[in-house]
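1. sequence first, predicted coordinates after that:
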Amino acid sequence: MHTSLEVRDITKSFPGVIANDHVNFDVREGEIHAILGENGAGKSTLMKVIYGLYKPDSGSIRLYDQELNFASPRQAIEAGIGMVHQHFMLIPALTVAENVVLGGEPGRIHYRRKENVEIVRQLAKQCHMDINPEAKVGDLTVGLQQRVEILKVFYRKAKLLILDEPTAMLTPQEVEELIQVMERLRSQGIPIIFISHKLDEVKRISDRVTVMRAGKTVNTVETKSTTPQELANLMVGREVVLQVSKPPQLPGEPILEVEDIVVSSGRNEKVKGVSFQVHRGEIFGLAGIDGNGQFELVEAITGLMPCKSGRIRFLGGDITSSSVRGRTKAGIAYIPQDRQLDGLVMDFELTENFILRDFFKAPFASIGQMKKKPIEDFATRLSEAFDVRPRRIHALARNLSGGNQQKVILAREVSRNPELLIAAQPTRGLDVGAIQFIHNKLLELRQGGKAVLLVSLELDEIMSLSDRIGVIHAGRLMAILPSGQVTREQLGLLMTGVNLEKEG
Amino acid sequence: MQKTIEGLVTPFVAIVIAVLIGAVVMLMTGHNPLTAYGALFSGAFGSTVNLSNTMANAIPLILSGLGVAIAFKAGLFNIGAEGQYWIGSMAAVWIGYSVHGLPPILHISLSIIVAMLAAGLWAGIVPGLAKAFVGAHEVITTMMMSYIAIFLSHYMLENGPMMQTGFTPQSPVILPSATLGKIVERTQLSWGLAIAVVACIIVYWLLYKTTLGYRLRAVGLNSRAANYAGINVPFHLVLALFISGMLAGLAGAVQMLGVQHRLYDSFSSGYGFTAIVVALLANNNPFGVILASIFFAALSTGGQSMQLVSGVPAHLTAVISGIIIFLVATKDIVQIQKRWRKRQTLASGKEA
């Protein structure tokens, strides 16, 4: 087999960090080559170097014996490198065909619509993709949008396809379809680089895996001859417990009771009559594909969005029309899904962010005056207890890494000793160490007889932590199931709106 | 401490560059920059009288600059300080000449309080409520209210209830009991300076040492997080504009009671607009506002003597302030770009 891409001794540093440290690997013709590593291992930097977005400090890249020295992505595209970014670069208001040819339209001034549609139709056929070139991209599902991205790459005659975390936004069914597309491309001899931090996918899809850790390539192994445990060890450099150990526990009385609530955002009803209860000593997982109303539901419970109808009871009292602060005082803590937008004031110091919920209360304030010493002591204590780095309480939140920002929020919310913690995507974008830390904190709350409502787009997270799982689809709860008795496939079907009982 | 120094770098560099460009312009037009700047400096600070007049000029700038700065801190761009200044002036003068028989301390306090309330409500009610409840942008509403305020004063003075019969449209003179005493006789420098300094200290304390300041800053930096924290965002938007207007109104009151003693018909005092520049140059730091105000006041008092001594038109000082504003604003653009780049670097370092 020929070598398609050869990466030799690539080093790329940023002020204070070496993102890539003498990285070596090669991709063979017709193979799916996974790049596996934790967040921050240097995967995306490496891909950006290959794609010409960054100039490496040293090292060389060869594509089919041609030395590459890109100054811009445009040159990389011309050389035959195609990349599908994690966040799609599509224009929702245009059609599939228009998006595919954008920037490389055939013809000169006149845009020949019919011709383009035909070109894209042919291209889709070649790639064995079922897609309507005249559909508007904004109307497509995420999985289909991703295919548009892949088509874009092949329209530009790519000889090598790079997929950056392609499964992050997909449902299990869409992942299956993506895998089929990838396998067909492989059978046509097109090499694919597949970036991921998900072990099971890498194990399933790839032929070979290159593991990265702390900016270095640790090893390249044949996928068949390795185990997930082995890969995980390579990835983090230490033994990790893949399964969360969760002692069995009998749930107590219901603490949060949601009765038939409806939430509107703009003119759309996002939550259409949802009822459930969360009990003491349990983690209730809310699974669903992004955009199905789970976050509106959470905002309604925390008081950030009004309920159109229905009732929310907490600790026996009706809180449907209570203020945010009223609910906070009653014992609801909330880790919002977007930590930078909702959870933190980025230009506040850590001291100020730690007291965001209780700044007006003793000991932080008395008769309207802030008390410096107690605030600083509190910040120091939380920074230490939650291992927030750097340990500088007067640093701006903006200057912390994502994981540490999340620890600040977690510390603040957990330190309030809440009866109910609502955690929306608490581990999004974090590395394995930080994820474990947060999972353990959630389990601690559960052990302590508190309740946790966990909303996550990661099925693994929901399945390993939750005692019961509610599946939300299009604003409705499809089912509430005990977590021990449900499979990924069942959850996946429910998430896409297939009713299990009807299907038999 | 380090932050304070960092905060001083930009304005300092901006001033130096602007002064240098001014010097180049002078050279090109055949003037000696050293003589001209020397005259400007001595005109602003060279004698007790000059220094007093510069400080007197700085007082309304300090007060209205504080008003603009506190609104900025809450994320609001109050460009209507000029109008709030006029409302404050009208209210202070009206109390000043129409209320009889009060001892000075009470008369002055009453004038100031009424002026602050009137100007605060002027900014808080229409622009504040419109911003908080229908999202009308405060740049438009404060500006519009500013015109209304200025034309209201025209009406009041030209055949309106505050007209003093005479040749030029003007109000009656305020009573001696409402007059602020001078610090230096035969100059414009009144005890308003003390009021301005105390106001700075209060604003600093309010912003950084009280829960109210914490709430205002949280709303200004991230209103969504403020809402999440249980802070009533619309209320604090209204309140921020109210306080901002109160300070601009105080500027008007102090100028009336301390310097003018009556309201003249004019289109603009200029203070409310320069206040925006003051807040920008001071980076909204209350103590920076004092320094920036003195600087701009010095440009305007010193400019006259520069023209007399060296023949350089006093308007050159306006050019210099223009360049400073430009540079300070550009610095923000550079910083946003830097932050963006840093985020890119961080993102790649982190997610890579």
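-> In hand now; what should we look at?
2. enumerate the residues of the stretch 151-300 of chain A near chain B.
-> The interface of the stretch 151-300 of chain A toward chain B, taken as Cβ under 8 Å from any Cβ of the partner chain, is made up of A:Gly215. Bear in mind the C-beta positions are built from the backbone N, C-alpha and C, glycine included.
3. where does the stretch 151-300 of chain A get nearest to chain B, residue-wise?
-> The minimum distance from the stretch 151-300 of chain A to chain B, using Cβ to the nearest Cβ, falls at A:Gly215 (7.8 Å).
4. pull the contacting residues for A:Ser483.
-> A:Gly285, A:Ile462, A:Met463, A:Ser466, A:Asp467, A:Arg468, A:Ile469 (Cβ atoms under 8 Å, 6 or more residues apart in numbering or on different chains).
5. output those residues in a markdown table; the columns should cover pLDDT, secondary structure and neighbour count.
-> Converted to a markdown table, the contacts of A:Ser483 look like this (pLDDT from 0 to 100; DSSP: H, G, I helix; E, B strand; the rest coil; neighbours: other Cβ atoms under 10 Å in any protein chain shown):
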| residue | pLDDT | secondary structure | neighbour count |
| --- | --- | --- | --- |
| A:Gly285 | 94 | strand | 26 |
| A:Ile462 | 88 | helix | 24 |
| A:Met463 | 87 | helix | 19 |
| A:Ser466 | 92 | coil | 27 |
| A:Asp467 | 92 | coil | 21 |
| A:Arg468 | 93 | strand | 20 |
| A:Ile469 | 94 | strand | 25 |
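6. flag the shaky bits of the stretch 251-400 of chain A, pLDDT-wise.
-> Across the stretch 251-400 of chain A, nothing is flagged by pLDDT under 70.
7. with chain B instead?
-> In chain B, residues with pLDDT under 70: B:1-4, B:332-352.
8. now the helices for it?
-> Ranges of helices in chain B, per DSSP state H, are B:2-28, B:33-45, B:48-73, B:81-98, B:104-123, B:129-134, B:138-157, B:192-209, B:211-221, B:223-228, B:233-255, B:271-281, B:286-310, B:315-351.
9. out of those, which gets nearest to A:Pro251?
-> helix B:223-228 (28.3 Å; Cβ to Cβ).
10. burial of A:Ser196, as a residue count?
-> Residues lying near A:Ser196 (other Cβ atoms under 10 Å in any protein chain shown) number 22.
11. get me the contact residues on the stretch 101-250 of chain B for chain A.
-> For the stretch 101-250 of chain B, the contact set with chain A under Cβ under 8 Å from any Cβ comprises B:208-215, B:217-218, B:221-222, B:224-230.
12. report the buried members of those.
-> Neighbour counting with 16 or more other Cβ atoms under 10 Å in any protein chain shown marks B:209-215, B:217-218, B:221-222, B:224-230 as buried within these.
13. now the helices for the stretch 351-500 of chain A?
-> A:372-385, A:402-415, A:432-447, A:459-465, A:488-495, A:500-503 (DSSP state H, counting those that start in this stretch).
14. for the residue lying farthest from the centre of chain A, phi and psi?
-> Of all residues in chain A, A:Ile367 has its C-alpha farthest from the mean position, at 43.0 Å, by Cα atoms, centre = their mean. A:Ile367 adopts backbone torsions of phi 40, psi 50, taken as degrees, to the nearest 10.
15. B:Thr210 versus that one, what's the distance?
-> 9 Å (Cβ to Cβ, to the nearest Å).
16. tell me, what's touching the two both at once?
-> The contact sets of A:Ile367 and B:Thr210 do not overlap (Cβ under 8 Å, 6+ apart).
17. just checking the distance from stretch A:145-160 to the centre of its chain.
-> With Cα atoms, centre = their mean, to the nearest Å as the basis, stretch A:145-160 stands 23 Å off its chain's centre.
18. I should have written stretch A:118-135 there, sorry.
-> With Cα atoms, centre = their mean, you get 29 Å for stretch A:118-135.
19. now the end-to-end length of it.
-> 13 Å (Cα to Cα, to the nearest Å).
20. tell me the spacing between the residue of the stretch 151-300 of chain A closest to chain B and B:Gly101.
-> Distance from A:Gly215 to B:Gly101, by Cβ to Cβ: 81 Å.
21. for B:Pro33, same thing?
-> 56 Å.
22. burial check on the closest residue to B:Met256 other than its chain neighbours, number of neighbours?
-> Leaving out its chain neighbours, the residue that sits closest to B:Met256 by Cβ to Cβ, 6 or more residues apart in numbering or on different chains is B:Ala92, at 4.6 Å. B:Ala92 has 32 neighbouring residues, counting by other Cβ under 10 Å.
23. residue contacts, B:Ile87?
-> Contact partners of B:Ile87, counting by Cβ under 8 Å, 6+ apart, are B:Ala115, B:Ala118, B:Ala119, B:Trp122, B:Ala149, B:Leu152, B:Gly245, B:Gly249, B:Gly252.
24. between those residues, which is nearest A:Arg392?
-> Distances from A:Arg392 to the contacts of B:Ile87, taken by Cβ to Cβ, are shortest for B:Gly245, at 38.1 Å.
25. give me the element A:Glu183 is part of.
-> helix A:172-187 (DSSP states H and E).
26. what comes into contact with the helix or strand just after that helix?
-> Remark: after helix A:172-187, the chain's next helix or strand is strand A:192-196, criterion DSSP H and E. For strand A:192-196, the surrounding residues in contact (Cβ under 8 Å, 6+ apart) are A:5, A:27, A:31-36, A:43-44, A:47, A:160-167, A:182, A:185-186, A:202, A:205-206.
27. now, these that are in strands?
-> If you go by DSSP state E, the contacts of strand A:192-196 have A:Leu5, A:Val27, A:Ile32, A:His33, A:Ala34, A:Ile35, A:Leu36, A:Leu160, A:Leu161, A:Ile162, A:Leu163, A:Asp164 in strands.
28. can I get the residues you listed in JSON lines including neighbour count and distance to A:Arg62?
-> Output for the ones in strands among the contacts of strand A:192-196, formatted as JSON lines (neighbours: other Cβ atoms under 10 Å in any protein chain shown; distance: Cβ to Cβ, whole Å):
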{"residue": "A:Leu5", "neighbour count": "23", "distance to A:Arg62": "7"}
{"residue": "A:Val27", "neighbour count": "24", "distance to A:Arg62": "11"}
{"residue": "A:Ile32", "neighbour count": "24", "distance to A:Arg62": "20"}
{"residue": "A:His33", "neighbour count": "24", "distance to A:Arg62": "15"}
{"residue": "A:Ala34", "neighbour count": "28", "distance to A:Arg62": "20"}
{"residue": "A:Ile35", "neighbour count": "28", "distance to A:Arg62": "17"}
{"residue": "A:Leu36", "neighbour count": "27", "distance to A:Arg62": "23"}
{"residue": "A:Leu160", "neighbour count": "23", "distance to A:Arg62": "12"}
{"residue": "A:Leu161", "neighbour count": "23", "distance to A:Arg62": "17"}
{"residue": "A:Ile162", "neighbour count": "26", "distance to A:Arg62": "16"}
{"residue": "A:Leu163", "neighbour count": "26", "distance to A:Arg62": "21"}
{"residue": "A:Asp164", "neighbour count": "21", "distance to A:Arg62": "21"}
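29. among the residues you listed, which two are most distant?
-> Farthest pair in the ones in strands among the contacts of strand A:192-196, by Cβ to Cβ: A:Leu36 and A:Leu160, 18.4 Å.
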